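Chemist: starting from these lines, generate the structure:
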Amino acid sequence: MKRTQLYLDDDAWNALHARALLQETTVSELVRTAIREKYLGKLDQRRAAMEAFVGIWKHRSDIPDAVRYVRNLRQDNRLDRVWRGRREKR
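Modeler: Just a heads-up that it's a prediction; the model follows:
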């Protein structure tokens, strides 16, 4: 979490302070909540968007299987070849 400083006019400060008292929270929490809702979207909307996105390409045949691709990369013997080349140069 980062700390910041805001300059608020008296009307905004009074409104936030009154709302914080009514909701038994802090002005800071009200500001963080407003920023999340305005610029990040509501949590349930973000979650629904992510769930809709997961697996979106799983039935595409033109894209290689990611798991198999990564496993092939990990099985690559490139490091062995590099070390062997260094030993041979000595």
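Chemist: how about stretch 25-36, which residues are buried there?
Modeler: 27, 30 (16 or more other Cβ atoms under 10 Å). Yep, even glycine has a C-beta here, placed from its N, CA and C like the rest.
Chemist: figure out how far that stretch is from the centre of its chain.
Modeler: The chain centroid and the centroid of stretch 25-36 are separated by 20 Å, computed with Cα atoms, centre = their mean, to the nearest Å.
Chemist: can you list the residues that contact it?
Modeler: Here stretch 25-36 makes contact (Cβ atoms under 8 Å, 6 or more residues apart in numbering) with 6, 13, 16, 17, 19, 20, 23, 42, 43.
Chemist: quick check: the farthest pair among the residues you listed?
Modeler: Maximum pairwise distance in these, criterion Cβ to Cβ, is 27.1 Å, between 13 and 43.
Chemist: more neighbours, those two?
Modeler: The residue with more neighbours, out of residue 13 and residue 43, is residue 13; 13 against 10, by other Cβ atoms under 10 Å.
Chemist: for this protein, give me the ranges with low pLDDT.
Modeler: 86-90 (pLDDT under 70).
Chemist: can you give me the helices for it?
Modeler: Using DSSP state H, the helices of the chain run over residues 10-23, 27-35, 43-53, 66-75, 78-89.
Chemist: are any of the contacts of stretch 25-36 buried, and which?
Modeler: 16, 20.
Chemist: distance to residue 61 added to the contacts of stretch 25-36, as JSON lines?
Modeler: Output for these, formatted as JSON lines (distance: Cβ to Cβ, whole Å):
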{"residue": "6", "distance to residue 61": "52"}
{"residue": "13", "distance to residue 61": "59"}
{"residue": "16", "distance to residue 61": "54"}
{"residue": "17", "distance to residue 61": "59"}
{"residue": "19", "distance to residue 61": "54"}
{"residue": "20", "distance to residue 61": "55"}
{"residue": "23", "distance to residue 61": "53"}
{"residue": "42", "distance to residue 61": "36"}
{"residue": "43", "distance to residue 61": "35"}
